[in-house]
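Peer 1: generate a structure from the sequence data that follows.
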Amino acid sequence: YSPIIRNNSDSGQFLSLIVIPVVLPALLAAIQATDAALNSDLPESWRWIALMAVFSVLYLCAGALACDSLES
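Peer 2: Below is the predicted model:
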């Protein structure tokens, strides 16, 4: 997202608006896993934890692939 906001004068706020839709699925999964764990519904919480693990792997791979383009 850096090339998109590079020429914008208010880049800090614009970057946060762009990142919210990317992070929202992982945030919702964390909320649901916490809710299920606090309500002692362990099978339900493990499903959400597995979904968070999938998001972590996806974000890690996307970050590793985007790293080279951001360095130049």
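Peer 1: number of residues surrounding Ala33?
Peer 2: 19 (other CB atoms under 10 Å). Just so you know, the C-beta spots here come from the backbone N, C-alpha and C atoms, and that holds for glycine as well.
Peer 1: what pLDDT, on average, does the helix or strand hosting it get?
Peer 2: According to DSSP states H and E, Ala33 maps onto helix 11-38. For helix 11-38, mean pLDDT rounds to 80.
Peer 1: following element in sequence after that helix, please.
Peer 2: By DSSP H and E, the next helix or strand past helix 11-38 is helix 42-71.
Peer 1: list the buried residues of that following helix.
Peer 2: Applying a neighbour-count criterion of 16 or more other CB atoms under 10 Å, one finds 45, 48-49, 51-52, 55 buried in helix 42-71.
Peer 1: tabulate those residues (a markdown table), appending distance to Asp68 and pLDDT.
Peer 2: Output for the buried residues of helix 42-71, formatted as a markdown table (distance: CB to CB, whole Å; pLDDT from 0 to 100):
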| residue | distance to Asp68 | pLDDT |
| --- | --- | --- |
| Ser45 | 37 | 81 |
| Trp48 | 33 | 86 |
| Ile49 | 31 | 86 |
| Leu51 | 28 | 87 |
| Met52 | 27 | 86 |
| Phe55 | 22 | 88 |
